[in-house]
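Q: Kindly return the folded structure for what I paste below:
(one chain, ligands or ions: 1)
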Amino acid sequence: MKRIYLDYAATTPTHPEVVKAMLPYFTEAFGNPSSIYSYGQETKGAIEEARVKVADLIGARDEDIVFTSGGTEADNFAIKGVAYANELKGNHIITSSIEHHAVLETCKFLERKGFIITYLPVDKCGSVDPDDVRKAITDKTILISVMHANNEMGTIEPTAKIGKIAKEAEIYFHTDAVQAVGHIPVDVNELGVDLLSMSAHKLYGPKGIGALYVKKGTKLTPFMHGGEQERRRRASTESVPGIVGLGKAAELAREEMSEEAERLTCLRDQLAKGLLERIDHTCLNGHPIIRLPNNVNVSIDYVEGESMVLNLDLESICASTGSACSSSSLEPSHVLLAMGLSHEQAHGSLRFTLGKWTTEEDIERVLDALPRIVAKLRAMSPLLKSNR
Ligand code: PLP
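A: Numbering: from 1, shown residues only. Below you'll find the predicted structure:
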């Protein structure tokens, strides 16, 4: 049976053209970019070419792109970097309650170091209210960090509105755009961000490489100390194949994004509509319209998300109960709870994220399999018996 992968938000396969672009940098073009002889200059050139491609994808200047080991490092770098560089100015940070753990855990770490963090609530669609951001600002606020699109239920946040508020208040604004970059148009100037995180493996690039956009003039304490790479902003010999891979992935995303987003939106809506029609007591999580083109997150009453994932796996369909980082934990999703779902509804959630190799036949297979699986699980469910 053909395996159907519907967990592109957890990670994407590396595009064959990306692999092809990376390969020479493992073998013949292996020089250290800091070396002044030609081997080094060759790889340095490849890094700078990739930097331009990444910058072009988000409307940035290439000098403002700092390569990191991924989205987690970019988030840590942005938040700790601003916190430590600006602590004489203030110790207050505003974020949201639906951020990825890379942001939330960084904020919790800073809380233990004496910083004060405001975790903003969201409405039932998972949207942050820009007015709440405005009201939360104090004279000690040094940073606002609100994600651009949520990894679990796909809601796209009012980032540009928050950017405007941050600018008026002269407060740094970071957005975790890991799930957005390469999937929807992202422009750092339109969003009004000073810092933006991205990760290659969410846009058909390799794992272990990402980037942080740092607007010129942003005061940021370096995260890694050592050599003078990345204009002294991030020490360590560059992962040249990774950077080249991210550059190629960015280039491909730029070329293919609009057509691909349109195709995925149709498949996404077909899947969501089909699930809601065929399975009773089911609701769509996240914003019904302002959401990523590839995300369908549903809560199905009287069944456990984990049981559905395992049963789908038996039919060679990969989906998830939430973000890959929290799917090994039995805690219900903090994102769904923040949106006001009950523990039972959060436990009964299922996330499908579509991508480049998703077809209409794949969607039909899910629409055939999941109603059968749910009916079987409900027949065994003590939850259902006690509620009917
Ligand atoms: N931020 C968001 C919104 C994510 O979805 C992820 C990964 O799932 C990360 C950050 C972490 O990125 P990485 O896996 O590159 O460290």
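
Q: Quick check: closest non-adjacent residue to the closest residue to the ligand within the chain.
A: Proximity of the chain to the ligand (Cβ to the nearest ligand atom) peaks at Gly71, 2.5 Å away. Quick note: C-beta positions are derived from backbone N, CA and C, even for glycine. Counting by Cβ to Cβ, 6 or more residues apart in numbering, Ser199 is the residue found nearest to Gly71 once chain neighbours are left out, at 3.4 Å.

Q: For that neighbour, list the residues it contacts.
A: By Cβ atoms under 8 Å, 6 or more residues apart in numbering, Ser199 lies in contact with 70-71, 74, 178, 209-210.

Q: what about the helices in this protein?
A: Assigned helices in the chain, in chain order: 16-22, 38-57, 71-85, 101-112, 130-136, 159-169, 188-191, 229-232, 240-278, 305-314, 334-338, 343-347, 360-379, 382-387 (criterion: DSSP state H).

Q: Would you mind listing what in the stretch 51-200 of the chain touches the ligand?
A: 70-72, 75, 100, 102, 147, 151, 176, 178-179, 199 (Cβ under 6 Å from any ligand atom).

Q: Just to check, the residue of the chain closest to the ligand is in contact with Ala102?
A: Yes. Taking contacts as Cβ atoms under 8 Å, Gly71 lies within contact range of Ala102: 6.2 Å.

Q: shared neighbours of the two, anything?
A: Counting by Cβ under 8 Å, 6+ apart, the common neighbours of Gly71 and Ala102 are 176, 197.

Q: quick one: which of the two has more around it?
A: Neighbours per residue (other Cβ atoms under 10 Å) separate Gly71 from Ala102, with Gly71 holding more: 27 against 23.

Q: What are the neighbouring residues in contact with the more buried one?
A: Per Cβ under 8 Å, 6+ apart, neighbours of Gly71: 100, 102, 176, 178, 197-199, 202, 210.

Q: go on, Ala180?
A: Shown in contact with Ala180 (Cβ under 8 Å, 6+ apart): 148-149, 156, 186, 292.

Q: What pLDDT is listed against it?
A: Note on Ala180: pLDDT of 98.

Q: distance of it from Thr282?
A: Distance of Ala180 to Thr282, computed by Cβ to Cβ, to the nearest Å: 26 Å.

Q: ok, back up a step: name the pair among the residues of the stretch 51-200 of the chain next to the ligand with the greatest separation in space.
A: The most widely separated members of these, counting by Cβ to Cβ, are Gly70 and Met147 (15.5 Å).
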